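> Provided below are the primary sequence and the corresponding predicted coordinates.
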Amino acid sequence: MPFEKVVEIGRVAYVAHGDDKGKLIVIVDVIDQNRALVDGPCSGVNRKDMNFKALHLTEFKVKIGPSARTSTVRKAWEKGDISKKWSETTWAKKLANAEKRANLTDFDRFKLMKAKQSRNRLINIEFGKLRKAAKKAPAKPKRLRKKK
């Protein structure tokens with residue numbers, strides 16, 4: 001199958017832009033080729049229609065029927081433990097790190113710069129030692145070619 005993630009009922013998606021940017025929702029029903037009815041009971045998104053362009057599909061899926069009620073979606077979400085699974089993904093970790101970096105103060109950025117400088121200094125010292133040891137080592141003998 002060429003596509004791993006398809007738009008389907010029960011597919012969990014990440015809201016890329018709009019009022020609920022950064023939240024997870026579940027596709028409850030497909031309205032037409034451009035919009036879906038979504039619900040996010042555990043992430044604070046009320047049931048509404050949303051354009052597919054605003055959604056990024058995730059690998060997670062909950063088992064619900066078409067046009068399932070909010071309480072049913074919540075139970076399926078909690079049964080599937082979607083919030084915990086999402087927080088363990090690389091995607092969620094990158095978003096959290098980006099959020100953390102965006103909230104750094106000038107002093108925090110300065111401390112980060114100094115920490116990077118000291119780390120790079122240690123790396124360069126070790127690299128210099130290895131290079132010096134490699135120069136002192138005797139040269140490897142050249143391989144002799146076999147005559148035909």
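Arrived safely, thanks for sending.

> C-alpha only now, for contacts and for neighbours.
Fine.

> Which secondary structure elements does the helix or strand harbouring F107 sit against?
Following DSSP states H and E, one finds F107 within helix 106-136. For helix 106-136, there is no helix or strand it packs on, judged by 3 or more CA pairs under 8 Å, 6 or more residues apart in numbering; DSSP states H and E.

> what comes up buried for that helix?
Buried residues in helix 106-136, counting neighbours by 16 or more other CA atoms under 10 Å, are absent.

> what's the offset of that helix from the middle of its chain?
Distance, stretch centre to chain centre, for helix 106-136: 29 Å (CA atoms, centre = their mean, to the nearest Å).

> what secondary structure does K21 sit in?
Under DSSP: H, G, I helix; E, B strand; the rest coil, the three-state class of K21 is coil.

> okay, now it: neighbour count?
Neighbour count of K21, defined by other CA atoms under 10 Å: 12.

> wait, isn't it in contact with V15?
Yes. Counting by CA atoms under 8 Å, K21 does reach V15; the two are 5.1 Å apart.

> Which strands and helices lie in contact with the one helix or strand Y14 maps to?
Element membership for Y14, per DSSP H and E: strand 11-15. Applying 3+ CA pairs under 8 Å, 6+ apart, one finds that strand 11-15 contacts strand 24-30, strand 55-61.

> which other residues reach it?
21-27, 54-62 (CA atoms under 8 Å, 6 or more residues apart in numbering).

> That one vs strand 24-30, what angle?
Interaxial angle, strand 11-15 versus strand 24-30 (axes from the mean of the first three to the mean of the last three CA atoms, to 10 degrees): 120 degrees.
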